[in-house]
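Q: coordinates only, sequence not included:
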Ligand code: SAM
């Protein structure tokens with residue numbers, strides 16, 4: 001079975017924030033649209049709760065799950081989460097997005113537990129720019145990228161949020177790095193979530209010039225229909241994916257995603273917090289699987305394209 005929302009969009013993807021905690025302070029971070037504050041461990045879901053939510057989701061037709069945060073690697077028990085979710089029958093894809101700074105030591109273990117794909121946030125290759133943007137050390141992330149490739153993750157994607165005046169001119173260097181490391185570069189447009197208007201207006205870039213450059217160089221362009229109609233540009237020796245949601249009705253028209261916040265609420269859209277559906281409280285009060293499925297059904301009915309063309 002697959003749940004379909006009021007706009008005819010199937011529900012196929014779940015993005016679970018396994019913690020709100022993070023070791024970095026990226027100044028552009030949307031924190032997955034969560035209102036809660038950083039570094040609060042008290043409301044985190046347990047491994048069993050996360051795996052149960054994932055299992056119910058898969059029973060309702062969701063077949064792709066991404067772990068996010070905060071920083072997922074802040075959880076010492078992340079491997080248990082991965083193991084539990086990877087074992088769910090019917091799940092086709094389990095991946096994680098990470099800042100990569102703590103990945104080197106755990107890449108092999110995570111792969112052995114059943115994780116198969118990772119996205120690593122890497123906005124620049126310039127260590128000083130990286131430090132200013134994130135308060136982190138780029139060397140640790142580069143080690144994380146190498147370790148992920150070595151461990152066998154396929155693909156390893158590099159998530160680059162493109163910011164005017166900061167890293168907008170680094171795209172070619174990043175393409176070279178992706179080519180050298182056998183990774184895929186993902187250019188991401190800045191979302192106006194959890195950052196102020198002034199920041200957004202200074203740093204936001206529509207990525208249209210980058211897309212034009214990629215279109216000219218590509219030998220093939222693909223559209224990921226169930227991933228917001230994103231474009232993937234296959235250049236002769238490197239692949240670049242572009243995530244461009246702003247004012248893009250096509251992006252929302254092809255959204256197949258639901259989120260779970262780090263405090264256990266079903267969240268219909270990155271951009272909204274006015275229609276969250278609490279699943280953790282009923283679960284902790286002893287709700288049955290059928291009752292929890294009803295909450296998924298309700299959240300799915302509340303899904304709406306943020307930019308409407310439908
Ligand atoms: N800490 C993990 C990481 O760095 O990947 C997971 C959380 S982070 C919020 C998830 C993804 O969102 C990263 O790829 C990051 O680059 C992206 N991201 C963060 N803030 C963003 C923004 N304002 N607009 C677009 N993407 C953003």
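A: It's in. Small disclaimer: the values here were computed from a predicted structure and weren't measured.
Q: Can you spell out which helices and strands pack onto the helix or strand encompassing residue 299?
A: Counting by DSSP states H and E, the element that carries residue 299 is helix 289-302. Under the contact criterion of 3 or more CB pairs under 8 Å, 6 or more residues apart in numbering; DSSP states H and E, helix 289-302 touches helix 47-59, strand 257-260, strand 265-267, strand 277-278, helix 280-284. In this view, the C-beta of every residue, glycine as well, is placed from N, C-alpha and C.
Q: Rounded mean pLDDT for the shortest one, please.
A: To tie it back to what came earlier, the one meant is strand 277-278. On average, the pLDDT along strand 277-278 is 98.
Q: List the pairing partners of it within its sheet, with orientation.
A: strand 265-267 (antiparallel) (DSSP bridges).
Q: which residues are contacting the partner strand?
A: Under the criterion CB atoms under 8 Å, 6 or more residues apart in numbering, residues 33-34, 258-261, 273, 276-280, 295-296, 299 lie in contact with strand 265-267.
Q: Please list only the buried members of those residues.
A: Buried by 16 or more other CB atoms under 10 Å: 33-34, 258-261, 276-277, 279-280, 295-296, 299, out of the contacts of strand 265-267.
Q: Kindly report the residues of the stretch 151-300 of the chain close to the ligand.
A: 159, 161, 188, 190, 191, 193, 195 (CB under 6 Å from any ligand atom).
Q: neighbours around the residue in the stretch 201-310 of the chain that the ligand sits nearest to, how many?
A: Relative to the ligand, the nearest point of the stretch 201-310 of the chain is residue 243 (7.5 Å; CB to the nearest ligand atom). Per other CB atoms under 10 Å, the neighbour tally for residue 243 reads 20.
Q: and the residue lying closest to it once chain neighbours are set aside, what is it in contact with?
A: Nearest residue to residue 243, sequence neighbours excluded (CB to CB, 6 or more residues apart in numbering): residue 188, at 4.5 Å. Contact partners of residue 188, counting by CB under 8 Å, 6+ apart, are 159, 160, 161, 162, 243.
Q: so what strands line up beside the one helix or strand residue 188 maps to?
A: Following DSSP H and E, one finds residue 188 within strand 184-189. If you go by DSSP bridges, strand 184-189 pairs up with strand 156-162 (parallel), strand 239-243 (parallel).
Q: Name the surrounding residues that touch the longest one.
A: Going back to what we said before, that points to strand 156-162. Here strand 156-162 has contacts from 28, 97, 117-124, 145, 148-149, 167-168, 170-171, 174, 177-178, 181-190, 205, 207, 210, 241, using CB under 8 Å, 6+ apart.
Q: After it, heading C-terminal, what element do we hit next?
A: Remark: after strand 156-162, the chain's next helix or strand is helix 171-181, criterion DSSP H and E.
Q: Can you give the distance from that following helix to the centre of its chain?
A: 21 Å (CA atoms, centre = their mean, to the nearest Å).
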